[in-house]
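**Student:** starting from these lines, generate the structure:
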Amino acid sequence: MRSLKSKAASGDSTFKFHAGYKIIGDESETIVYGLAQCSPDLSRRDCDACLGNAISKIPDCCENKIGGRVIKFSCTLRFEREKEAYPNRSPYETNLNTLLSKITPKTIVDNGFYSSEYGQAPNIVHVRGLCRGDVNPITCWNCLNYAKTLLPKVCPNQKEAFGYYDFCTFQYASRPLLGYLDPEFAYSFNNPQNATDKKEFTSALNDLMQRLKSEAASADSNFKLSVGSKIADESETVYGLVQCLPDLSRPDCNACLEKVISDIPLCCKNKIAGRVIKLSCNLRFERGRF
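**Tutor:** All right, here's what the predicted structure looks like:
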């Protein structure tokens, strides 16, 4: 990551980005891929400082993990161990492209959830997408369409890919996805500004998240979402949203949300805003409405 940091920071004013990989082990059995990027308006010194800070957070979020992301307002980094890949012009690539082409505005159901599969083993492809529960159908479709177009480009030849965006999540894989809970995958980011009254804000946030978790997990099978707010003190109110994929059972939704809530102190302690994302559920909180 330090090598990528230096190369990204030395980029020109329109493209402060660098990606690369490193072989680990004497027998070249493991490859780690990495990416570092800054907002192009940052100076070289500020980009270097931002990425340096992001790299310093890796032990906090991702120690001993095979992949992770650290996202700040002006820079981001990501690393992943090599995953199962498909060759160009392979049956898997054909099935993936066919499946993605079948996702149209008419195939997105009313609750903003989409799930399908295409092909035969061993080249079958599974896909699922979920829109934020409070967005309209046009916004939902625009987000899923952007995701299905972007993911194969940013994750070329990867049999499995996942993307999180403001209004949707999108994933495809060679394994079944419905009802699947990944115990490891998670990433998060925050607003670096601290709450005015940290103790009261944290207490209000915890109460709000526990309430929203219970409401979302107990919702019907089509719409596992809850939003709400809680007053922290005279100057601050915390707003929150939690959501599970509708194919999760009540216990699995509850467990997934419990895990993302438990990650809040790791990523977002005393912060006025933050998000924690897993493959099957996510949460978001802000000091203002969103």
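
**Student:** need the residues that contact the longest helix belonging to the chain.
**Tutor:** Scanning the chain for the helix with the most residues, using DSSP state H, yields helix 198-217. Counting by C-beta atoms under 8 Å, 6 or more residues apart in numbering, the neighbours of helix 198-217 from elsewhere in the structure are 195, 224-233, 236-238, 240-244, 250-251, 253-254, 257-258, 261, 264, 269-270, 272, 283, 285. Placement of C-beta: from N, CA and C, glycine included.

**Student:** ranges for the strands of this protein?
**Tutor:** 17-24, 30-38, 67-71, 75-81, 113-118, 125-131, 161-164, 168-173, 187-190, 225-231, 237-244, 274-277, 281-286 (DSSP state E).

**Student:** mind putting those strands in a markdown table, mean neighbour count and distance to Ser90 included?
**Tutor:** Output for the strands of the chain, formatted as a markdown table (neighbours: other C-beta atoms under 10 Å; distance: least, C-beta to C-beta, whole Å):
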| stretch | mean neighbour count | distance to Ser90 |
| --- | --- | --- |
| strand 17-24 | 14 | 22 |
| strand 30-38 | 19 | 20 |
| strand 67-71 | 19 | 24 |
| strand 75-81 | 20 | 21 |
| strand 113-118 | 18 | 14 |
| strand 125-131 | 24 | 11 |
| strand 161-164 | 19 | 16 |
| strand 168-173 | 24 | 15 |
| strand 187-190 | 21 | 29 |
| strand 225-231 | 17 | 37 |
| strand 237-244 | 23 | 33 |
| strand 274-277 | 22 | 30 |
| strand 281-286 | 24 | 32 |
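
**Student:** who's in contact with Val125?
**Tutor:** By C-beta under 8 Å, 6+ apart, the contact list for Val125 reads Tyr92, Asn95, Leu96, Leu99, Glu117, Tyr118, Gly119, Tyr172, Ala173, Ser174.

**Student:** distance of the nearest residue to Ala232 once chain neighbours are set aside from Phe185?
**Tutor:** Leaving aside its sequence neighbours, Ala232 sits nearest to Ala204 (C-beta to C-beta, 6 or more residues apart in numbering; 3.9 Å). When C-beta to C-beta, to the nearest Å is the yardstick, Ala204 and Phe185 sit 28 Å from each other.
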